[in-house]
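This is a predicted model, with the sequence first.
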Amino acid sequence: MKPFLAPFSGIVADYPPCWFMRQAGRYLPEYRKIRESAGDFLVMCYTPDLATEITLQPIRRFGMDAAIIFSDILVVPHGLGQPLEFIKGYGPKLEPLVDEDELNLLNVERMVAFLHPVYQAIRQTRAALASHIALIGFAGAPWTLLCYMLDGNGKQDFVRSRTAIYEHPKLVERTIALLTHAIIEHLCQQIEAGADAVQIFDSWASHVPATHREMLVYQPTRTIVQALKARYPHVPVICFPRAIGAHDVQHFDNYVQPDGLSVDYTTDMAALYSSISPSVVLQGNLDPLALMASKEVICAQARALVQLMKGRPFVMNLGHGVLPQTPPEHMQALIETIRSGSA
Ligand code: CP3
């Protein structure tokens, strides 16, 4: 069995398997080289040879237990028909969705056809990866995608989307419903293409008011998890409801019942150790900033977390993505520490 999948069968090895969010990216010189010659981020996402090569880069260098397909959560709104560009030094920019007439133009079949290169990249990556390394597919959660679709960018704390909850409830409800359907299709296509597990990123779950968590976070995510489990019972589904806090992580576990819970770095893992059922794999949650400190700090942080999670199904990861300024040798030191067994 692939070491990454073992915890999902309740198997606890001497040390936990590891992979890291944004393990492919700007901290690697070989990524920056491709970025330079491709020019455009979306060209890299939609060119299967490039997406495959970028996905494999960190595996070649460091040998993590899982690769995550190089893509972006915003390919879903793009595929549905919403114009998108990535501007260097600014980030993603979408033409904001203003009303239900515009929503009615978005189309899930169009998305599946448009995202063919992503599924092709998964096929190529799976074929190129050693059999003991897992391949993770992913999607954004409905709420987080809605945030970018209604606001158009991530620069204003998603005020338009958060206001729309009250001022345009119908638009919000219908957008969440469409996205729930689109995300199920996108994840199923990735599994069919060879993804061994999938992760759902809800980066802005913490922005949802408590009164609307059920409607905008838990319920749609539960629908996605249940649809995937019905079709692919053996493919682990991991959720990342970023920064919702230990209490809400527990509610999320009870109600959504994912196979894995990815935990952000602000949440106390010790509190989750006993409150989350042991059949759920915890994943996380080193601070990406700690990975920029000295190697001594990295080793101490990693050892403490491995020690804390001992005896429990666990996947070592960061609590958010690798930062571009991270020295690649620090990633090496982290992985060596995890595997040294001296924890
Ligand atoms: O983790 C991985 O290695 C897989 C690939 C991946 C990317 N984005 C590549 C990427 C994944 C899983 C994502 C998820 C994603 N994308 C999220 C959820 C996770 C999170 O970070 O909270 C979000 C919110 C996005 C949207 C997005 N993509 C933003 C806001 C930005 C700009 C910010 C930034 O870091 O530049 C991106 C760009 C992006 N996505 C890059 C990469 C490697 C950097 C692009 C570049 O080279 O300029």
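Cool, the structure landed. Numbers count the residues shown, from 1 in each chain.

tell me the phi and psi of the residue in the stretch 201-343 of the chain that the ligand sits nearest to?
When scored by C-beta to the nearest ligand atom, the stretch 201-343 of the chain has S203 as its residue closest to the ligand, at 3.2 Å. All C-beta atoms are positioned from the backbone trio N, CA, C, and that covers glycine. Main-chain dihedrals, S203, degrees, to the nearest 10: phi -60, psi -30.

wait, it sits on W143?
No. Here S203 does not reach W143: they are 9.3 Å apart, not a contact under C-beta atoms under 8 Å.

contacting residues around Q325?
27, 292 (C-beta atoms under 8 Å, 6 or more residues apart in numbering).

State whether it is indeed within a helix.
No. Checked against DSSP: H, G, I helix; E, B strand; the rest coil, Q325 lies outside a helix; its state is coil.

separation between it and I298?
From Q325 across to I298, the span is 14 Å (C-beta to C-beta, to the nearest Å).

what's the answer for V98, then?
From V98 across to I298, the span is 46 Å (C-beta to C-beta).

Likewise for L228?
Taking C-beta to C-beta, one finds L228 at 34 Å from I298.

now swap in Y31 and tell me
Taking C-beta to C-beta, one finds Y31 at 21 Å from I298.

same check, this time on R231
Taken as C-beta to C-beta, the span from R231 to I298 is 39 Å.

These two: which is more packed in?
I298 (21 against 13; other C-beta atoms under 10 Å).

correct me, but the more buried one touches T337?
Yes. With contact defined as C-beta under 8 Å, I298 reaches T337; the gap is 6.9 Å.

to the chain's geometric centre, what's the distance from stretch 31-43?
Between the centre of stretch 31-43 and the centre of its chain there are 21 Å (C-alpha atoms, centre = their mean, to the nearest Å).

Distance check, P92 against the ligand.
5 Å (C-beta to the nearest ligand atom, to the nearest Å).

Can you report how many residues neighbour that residue?
Residues near P92, counting by other C-beta under 10 Å: 20.

Can I get the helix or strand that contains it as PDB, trimmed to CA atoms?
Per DSSP states H and E, P92 falls inside strand 91-94. What follows is strand 91-94 as a C-alpha-only set of coordinates in PDB (Å, rounded to 0.1, in the frame of the first residue of the first chain):
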ATOM      1  CA  GLY A  91      -2.900  37.500  -8.200                       C
ATOM      2  CA  PRO A  92      -6.100  36.300  -9.800                       C
ATOM      3  CA  LYS A  93      -8.500  38.600 -11.500                       C
ATOM      4  CA  LEU A  94     -12.000  37.500 -12.600                       C
END
